[in-house]
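>>> make a model of this:
(one chain, ligands or ions: 1)
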Amino acid sequence: MTAPSPGWRLRSIGLRRGQRTIFQNLSLDLDEARIALIGHNGAGKSSLLRLLVGLDAPQQGSLSWAGQAADMARRAHGSPGGRLASLMFQNPDDQIIFPTVAEELQLSWRSAHDGNRKGARSGALQFLEQHGLLHWADRAMGTLSQGERQWVCWLAMLLARPRVLLLDEPYASLDLPGQLRLAADIRRCTQQVIISTHVLHPVRDFARVIWLEDGRVRADGPGREVCPAYEAEARRNFANATGDG
Ligand SMILES: Nc1ncnc2c1ncn2[C@@H]1O[C@H](COP(=O)(O)OP(=O)(O)OP(=O)(O)O)[C@@H](O)[C@H]1O
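Here you go, the predicted model:
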């Protein structure tokens, strides 16, 4: 498992969304193969992922990947050859485009195969079969549960093979077996994976967890240190606020 070296460089990033300032003077190096972003609702986790994938552009500062300005790097990795980074959205319905599972996966297959249409359906079916889900091929998306649609989004991302996988709350709709399966899939990935999550058990063993608070880095270190520190503070604050401890 190797991380891109050097990876992402964020320098003095300033980001506003609407009237809100989300980041001010944020600088980070993101090189590790596995990075988790944790923190309360509204801390800026999704906003950081949106910056990396290029859905938002900073008003101040610079963002680069492997020594190249991020927008140039994204263009350089456009098809053919697969994308630099893809974002799996918190809500699968923000990601899914096609009416059936096979059609959605065909798009991913094409993204990984220079846009080719020929072979896309058989490639998608083969991939579903490898994951024991061939019976989902012609299921209408609307007939799948939220967690099942989340799983389709994950498979679509795996099949598209971007260099960097950005996952926004990927565990939120999954049952416990699904969470364990996703964590195992992530361990096997050869790409860099950056995850925003409130579900902490899959990221406790990550070499790097970044705790964001109000758009700033509150703590940054191994998951075995940062996750318990975050949990302890959340419990302490709750107990202090409610007297319920
Ligand atoms: N389109 C927008 N316009 C204005 N403010 C926004 C917009 N989207 C998000 N925000 C604000 O940006 C801040 C960071 O939001 P973000 O979605 O990055 O947080 P988050 O850490 O991912 O939260 P959650 O855990 O709830 O997903 C929040 O205060 C949010 O209200």
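
>>> around the ligand, pick out the residues from this structure.
17-18, 20, 22, 39, 41-47, 196 (C-beta under 6 Å from any ligand atom). All C-beta spots, glycine's among them, are computed from the backbone N, C-alpha and C.

>>> need the three-state assignment for the residue sitting nearest the centre point of the chain.
Nearest to the mean C-alpha position of the chain, counting by C-alpha atoms, centre = their mean, stands Leu167 at 1.5 Å. Counting by DSSP: H, G, I helix; E, B strand; the rest coil, the backbone at Leu167 sits in strand.

>>> residues contacting it?
Leu87, Met88, Trp154, Met157, Val193, Ile194, Ile195, Ser196, Thr197 (C-beta atoms under 8 Å, 6 or more residues apart in numbering).

>>> circling back to that earlier point, now, of the residues of the chain next to the ligand, which are buried?
Neighbour counting with 16 or more other C-beta atoms under 10 Å marks Ile22, Gly39, Ala43, Gly44, Lys45, Ser46, Ser47, Ser196 as buried within the residues of the chain next to the ligand.

>>> partner residues bridging the residue nearest to the centre of the chain?
Per DSSP bridges, the residues bridged to Leu167 are Met88, Ile195.

>>> what about it, distance to Gln179?
Distance of Leu167 to Gln179, computed by C-beta to C-beta, to the nearest Å: 12 Å.

>>> where in this protein is pLDDT low?
1-5, 79-82, 115, 245 (pLDDT under 70).

>>> how about the helices in it?
Here the chain has its helices, by DSSP state H, at 45-53, 70-76, 101-112, 120-130, 146-160, 176-188, 223-242.

>>> buried set for the fifth one?
What it means is helix 146-160. For helix 146-160, by 16+ other C-beta under 10 Å, it's 148-160.

>>> with the second one instead?
For helix 70-76, the buried set under the neighbour-count rule, 16+ other C-beta under 10 Å, comprises Ala70, Ala73, Arg74.

>>> touching, the second one and Leu63? I think so.
This means Ala73. No. If you go by C-beta atoms under 8 Å, Ala73 and Leu63 don't touch, sitting 9.4 Å apart.

>>> what do those two both touch?
Counting by C-beta under 8 Å, 6+ apart, nothing touches both Ala73 and Leu63.

>>> what about Gly223, how many residues close to it?
21 (other C-beta atoms under 10 Å).

>>> what sits against it?
Taking C-beta under 8 Å, 6+ apart as the test, what Gly223 contacts is Ala36, Val203, Arg204, Asp205, Phe206, Ala207, Arg208, Val209.

>>> if we go to 7 Å?
By C-beta atoms under 7 Å, 6 or more residues apart in numbering, Gly223 lies in contact with Ala36, Val203, Arg204, Asp205, Phe206, Val209.

>>> can you pull the phi/psi pair for the third one?
In other words, Arg204. phi -60, psi -30 (degrees, to the nearest 10).

>>> and the nearest residue to it once chain neighbours are set aside, how far from Trp151?
Of all residues not flanking Arg204 in the chain, Gly223 sits nearest, at 4.6 Å (C-beta to C-beta, 6 or more residues apart in numbering). Per C-beta to C-beta, Gly223 is found 24 Å from Trp151.
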